[in-house]
Structure formats: structure tokens, C-alpha cells
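Student: Here's my sequence, what's the structure:
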Amino acid sequence: MLTREQLQRAASDTGFPIDSLEKVSMLVRLLNLMAGHPFLGPRVALKGGTALNLFVFDLPRLSVDVDVNYIGGADRETMMAERTKLDTALAQVASRLGLSVKRAPGEHAGGKWRLSYTSALGRPAIIEVDVNYMLRVPLWDAAPCDSKPFLGDRVTRLNLLDRHELA
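Tutor: Predicted coordinates:
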């Protein structure tokens, strides 16, 4: 976890707000735990703004949420059988980082998890993780990728949707 002083230095160097830098740092740690989890890692693929900003571009802006597709099985039966286990794994990963689950989605298609923590500035902060269970079959294969460095850290070997499907 970055200290308040490290975040202030990074904010001064980059021009990004401290709270955004801290959220992205927390996202990097969360994504690393997701990638390394034996059940969760092979069954989700990152997409969206965080994928674009951490893996494709050189951080032109900071994205402060996580969007993943469940890719563990194409058929509905497999997805339904694995969904509870995947939700449990995500809750375990969040807990390892000291994140509290404020809301977990219950809809068939998935939805946003709201994970809370106290920031280095002592304020409440939220990270949202959107898990989509409907887009189970990407057009191109997802592949494990490493992110660009972020404040001395990086995401390693996280499944990423193909660039054509990231947005």
C-alpha cells in the first residue's frame, strides 16, 4: 500500500489527483490477486477503460473501476455452476486486500460489486468491479498480459480481451 507521502509525490509528478492514484494502485493489486487466483484467474478477462489505460496506452487518463467478462464456459449451465464459486473467489481476493464488500450483484447478467476501504487520506473510498456473465464467448481469444508499470507496480499475467473487444 502506498503511503500518503508517496501518493502526494506521485500526484505532484503526474498531475493526477491523489485519490485517483490510490484507486489505480489498489486496482493493480486487486487485478494481480485476481490473475493469480487458481479459480478466478482463468475464468475472467479484463476489458474497458482500465484495460486500455493500464495495458494498451501509457496512462493518458486514470480509470478507477474494473470491468471483466466471465469466460469460464460458453454454456449457461457451466456459468451457473461456477458463478457462486467465482463470486466467493472475488470476495476472498477483496478480503485479502482489506476491502469490504458493500454490494455484490445478484442479477443473472452480473453487475457491479462495490468494494470499500479507507484511503491513505483517511476518507472512505470505493472500487467498483463489474462482472459480466452474458458475454462469455469472446470473438478473439483472451490472453494473459502484463500491464504497463504504475507507481512501481504492474499487473502480471491477467487475461485480457483482444484489443478489438476491449471497449
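Student: For G152, see how far away the most centrally placed residue in the chain is.
Tutor: Nearest to the mean C-alpha position of the chain, by C-alpha atoms, centre = their mean, lies V66 at 3.8 Å. Distance of V66 to G152, given as C-beta to C-beta, to the nearest Å: 20 Å. The way it works is simple: take the backbone N, C-alpha and C, and place the C-beta from them, glycine included.
Student: Quick check: S20 vs F55, distance?
Tutor: Counting by C-beta to C-beta - S20 and F55 are separated by 18 Å.
Student: who's more crowded, these two?
Tutor: Legend: neighbour count by other C-beta atoms under 10 Å for S20 and F55, higher for F55 (19 against 16).
Student: quick one: what helix or strand has the residue lying closest to that one once chain neighbours are set aside in it?
Tutor: For F55, ignoring the flanking residues on the chain, the nearest one in space by C-beta to C-beta, 6 or more residues apart in numbering is S147 at 5.1 Å. Under the criterion of DSSP states H and E, S147 resides outside all helices and strands.
Student: Equivalent analysis for V68, please.
Tutor: V68 belongs to strand 65-70, assigned by DSSP H and E.
Student: Check which strands are paired with that strand and give the direction for each one.
Tutor: strand 44-47 (antiparallel), strand 124-132 (parallel) (DSSP bridges).
Student: Just name the most buried of those.
Tutor: strand 44-47 (a mean of 26; mean count of other C-beta atoms under 10 Å).
Student: ok, then the element right after it?
Tutor: helix 48-51.
Student: How about whichever helix in the chain runs longest, which residues are buried there?
Tutor: Counting residues, the longest helix found in the chain (DSSP state H) is helix 76-96. For helix 76-96, the neighbour count (16 or more other C-beta atoms under 10 Å) marks 79, 82-83, 86-87, 89-91, 93-94 as buried.
Student: distance between it and the chain's centre?
Tutor: How far helix 76-96 lies from its chain's middle: 14 Å, per C-alpha atoms, centre = their mean, to the nearest Å.
Student: Provide the strand pairings for the lowest-mean-pLDDT helix or strand in the chain, with the direction of each partner.
Tutor: Across the helices and strands of the chain, mean confidence by mean pLDDT, DSSP states H and E is lowest for strand 100-103: a mean of 88. Sheet pairing of strand 100-103 (DSSP bridges) gives strand 110-118 (antiparallel).
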